[in-house]
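# Starting from these lines, generate the structure:
(chains A and B)
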Protein chains: 2
Amino acid sequence: MFGGVIPNRPFRPQPATARDKLLEAAVRLVRAQGFSATSVDQLCLEAGVTKGAFFHHFPSKEQLGVAAAQYWSRSTGEFFASAPFHHEADPAVRVLGYIDLRIALISGPAESFSCVAGTMLQESFATSAAIRDACAASIGANARALEDDIAAALAARGLVEPRAVSLARHVQTVIQGAFVTAKALPPEAAAPAARESLGHLRRYVELLLSEEPSLAA
Amino acid sequence: MFGGVIPNRPFRPQPATARDKLLEAAVRLVRAQGFSATSVDQLCLEAGVTKGAFFHHFPSKEQLGVAAAQYWSRSTGEFFASAPFHHEADPAVRVLGYIDLRIALISGPAESFSCVAGTMLQESFATSAAIRDACAASIGANARALEDDIAAALAARGLVEPRAVSLARHVQTVIQGAFVTAKALPPEAAAPAARESLGHLRRYVELLLSEEPSLAA
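Below you'll find the model as predicted:
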């Protein structure tokens, strides 16, 4: 575990430009109420910018959605890429370090830790290929960032490597699922429940990486 | 595994009344595009009923949303309650049987196997307490339906029982997550990926239930 206090939203600097203010407003509103229910007017109000500014930066709400997914992906990607667990020598420790960091980032009500890409993906996958693809790229990048460490950890234990891709995706699946089921709980129970599910994921990865090769087939 | 072919949507009979047609239409549209993006007009068109019929049965779109979540919960709940795995003597086999059934139900594109309650929950949890509560009740009922079997399986292996509630919720978390990440993939890859994640869940439950008590602390 990472001992220090991790701020709830350490990914992104304070937005300075109207464009960044709109993207931050999109992050907050999508997390709370989803993309479809969020209007351009609400985005402008939340961002404190004019509608003229909105359409100066984004030709449509859909384009804002694509940009929000990309902004989310870039900022979270950079945050995870720079996390201390990457300096661990043992790839298994790096994989568990990633899960521990995800656990440590979960606090507060569900809308403060849920995933913009996962939420928008649910809503847009059949209605906006552009938003779906941007969200899919975000989740896919998170999975791919784990693949090498998982493959190395499995290989170091004499386990076959093809599971690395599948296990990396499963890690993202559990994270996304934890964000959904957290929303079924009262605000104060959401974060503990999500952390608990990621704890099950951590335990699974630990058990897999401690398996005898004969069990792992 | 259940050897027989399980139809993709065996839960519900053909809708006969305008009300049931609207609820089935809601199931299809929410799965494909979410609740917020679905208009009353679309619901009527998809159901083949008039707007007058809609408002005869539901005073508002929100009330339709609540009824759709309850309809979903009742029909899926009855389906799972009547599944053959309940007749297995070993509670661990029943738990794995539930997961196998969930795996067997996943086929086709994501909108044919995803969860109405999970999708609506994502969109509504901060904007409609009535819909959120109905969706939460649905997911919570699925989790509770597993608790006794998980507790019995853990107890039979000398493991402590408090994990049963947590593990039952984790099962639903992985299922919900599999539905989200499946949407990030091309239609033909969605079902295999979701089944794969539930396969990881199955493996985790197997590993937990085969643990020595000393490992399970």
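# any low-confidence regions in chain A?
A:1-12, A:160-162, A:211-217 (pLDDT under 70).
# Name the residue of it that lies nearest to chain B.
residue A:177 (2.5 Å; Cβ to the nearest Cβ). (Glycine included, C-beta is placed from N, CA and C.)
# Got the phi and psi for the most centrally placed residue in chain A?
With distances taken as Cα atoms, centre = their mean, chain A has residue A:115 as the residue nearest its mean C-alpha position (4.9 Å). Per-residue torsions, residue A:115: phi -100, psi 120 (degrees, to the nearest 10).
# Show the contacting residues for it.
A:72, A:139, A:175, A:176, A:179 (Cβ atoms under 8 Å, 6 or more residues apart in numbering or on different chains).
# Check residue A:46 too.
Residue A:46 neighbours (Cβ under 8 Å, 6+ apart): A:25, A:28, A:29.
# now, which of those sits nearest residue A:45?
residue A:25 (8.2 Å; Cβ to Cβ).
# got the buried residues for the host helix or strand of the closest one?
Element membership of residue A:25 [criterion: DSSP states H and E] is helix A:18-33. Residues A:18-33 are the ones in helix A:18-33 that count as buried (16 or more other Cβ atoms under 10 Å in any protein chain shown).
# can you list contacts of it?
Contacts of helix A:18-33 (Cβ under 8 Å, 6+ apart): A:12, A:15, A:35, A:38, A:42-44, A:46-49, A:53-54, A:56-58, A:64-65, A:67-68, A:71-72, A:110-112, A:114, A:116, A:119-120, B:36, B:123, B:126-127.
# What subset of the residues you listed is buried?
Judged by 16+ other Cβ under 10 Å, buried ones among these: A:12, A:15, A:35, A:38, A:43-44, A:46-47, A:49, A:53-54, A:57-58, A:64-65, A:67-68, A:71-72, A:110-112, A:114, A:116, A:119-120, B:36, B:123, B:126.
# Among the residues you listed, name the ones in helices.
A:43-44, A:46-47, A:53-54, A:57, A:64-65, A:67-68, A:71-72, A:116, A:119-120, B:123 (DSSP state H).
# who touches the residue of chain A closest to chain B in this structure?
Residues near residue A:177 by Cβ under 8 Å, 6+ apart: A:197, B:172, B:173, B:174, B:175, B:176, B:177, B:178, B:180.
# Find the nearest non-adjacent residue to it, please.
Once flanking residues are discounted, residue A:177 sits nearest to residue B:177: 2.5 Å by Cβ to Cβ, 6 or more residues apart in numbering or on different chains.
# Then residue A:40?
Nearest-residue entry for residue A:40: residue A:61, 5.5 Å, with adjacent residues in sequence omitted and distances by Cβ to Cβ, 6+ apart.
# I figured that neighbour hits residue A:41, correct?
No - between residue A:61 and residue A:41 there is no contact under Cβ atoms under 8 Å: 10.5 Å.
# ok, the two, which is more surrounded?
Shown here are residue A:61 and residue A:41; by other Cβ atoms under 10 Å in any protein chain shown, residue A:61 has more neighbours (18 against 10).
# Quick check: that one vs residue B:189, distance?
The gap separating residue A:61 from residue B:189 is 28 Å, by Cβ to Cβ, to the nearest Å.
# got it, and residue A:204?
Look at residue A:204 and residue B:189: by Cβ to Cβ, they are 23 Å apart.
# same thing with residue A:126?
15 Å.
# what's the longest helix in chain A?
Longest helix in chain A, counting by DSSP H: helix A:129-156.
# Can you give the distance of that helix from its chain's centre?
Relative to its chain's centre, helix A:129-156 lies at 11 Å (Cα atoms, centre = their mean, to the nearest Å).
# And chain B, is it touching that?
Yes - contact between helix A:129-156 and chain B, assessed by Cβ under 8 Å from any Cβ of the partner chain, occurs at A:132, A:135, A:136, A:139, A:140.
# check contacts around the last one.
Looking back up the chat, that one is residue A:140. Residue A:140 sits next to residue B:184 when contact means Cβ under 8 Å, 6+ apart.
# Among the buried residues of helix A:18-33, which one sits closest to residue B:78?
The closest of these, once distances to residue B:78 are taken by Cβ to Cβ, is residue A:33, at 31.6 Å.
# mind checking how far the closest one is from residue B:125?
On the measure of Cβ to Cβ, residue A:33 and residue B:125 end up 8 Å apart.
# Distance of the residue nearest to residue A:40 relative to residue B:17?
Distance from residue A:61 to residue B:17, counting by Cβ to Cβ: 37 Å.
# cool, and residue A:58?
Residue A:58 sits 44 Å away from residue B:17, going by Cβ to Cβ.
# same question, residue A:93
On the measure of Cβ to Cβ, residue A:93 and residue B:17 end up 59 Å apart.
# thinking again about what came up before, extract the C-alpha trace of the helix holding residue A:25 and format it as CSV.
Extracted in CSV, the C-alpha atoms of helix A:18-33 (Å, rounded to 0.1, in the frame of the first residue of the first chain):
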residue,chain,number,x,y,z
ALA,A,18,-12.1,27.7,-21.1
ARG,A,19,-11.5,24.4,-22.9
ASP,A,20,-10.0,22.8,-19.8
LYS,A,21,-12.8,24.2,-17.6
LEU,A,22,-15.3,22.6,-19.9
LEU,A,23,-13.4,19.3,-19.8
GLU,A,24,-13.3,19.3,-16.0
ALA,A,25,-17.0,20.2,-15.9
ALA,A,26,-17.6,17.2,-18.2
VAL,A,27,-15.7,15.0,-15.8
ARG,A,28,-17.7,16.1,-12.8
LEU,A,29,-21.1,16.0,-14.6
VAL,A,30,-20.6,12.7,-16.3
ARG,A,31,-19.5,11.1,-13.1
ALA,A,32,-22.6,12.4,-11.3
GLN,A,33,-25.3,12.0,-13.9
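# Please compute how far that helix lies from its chain's middle.
With Cα atoms, centre = their mean, you get 15 Å for helix A:18-33.
# got the angle for that helix vs helix A:116-124?
On the basis of axes from the mean of the first three to the mean of the last three Cα atoms, to 10 degrees, helix A:18-33 is oriented at 70 degrees to helix A:116-124.
# ok, residue A:89 - how many residues close by?
Each residue near residue A:89 was counted by other Cβ under 10 Å, and the total is 6.
# how about the residue lying closest to residue A:93 once chain neighbours are set aside, what does it touch?
Closest residue in space to residue A:93, ignoring its immediate chain neighbours: residue A:85 at 7.3 Å, by Cβ to Cβ, 6+ apart. Contacts were defined as Cβ under 8 Å, 6+ apart; by that measure residue A:85 touches A:93, A:94, A:97, A:98, A:100, A:101.
# swap in residue A:43?
Taking Cβ under 8 Å, 6+ apart, we find residue A:43 in contact with A:22, A:25, A:26, A:29, A:54, A:61, A:64.
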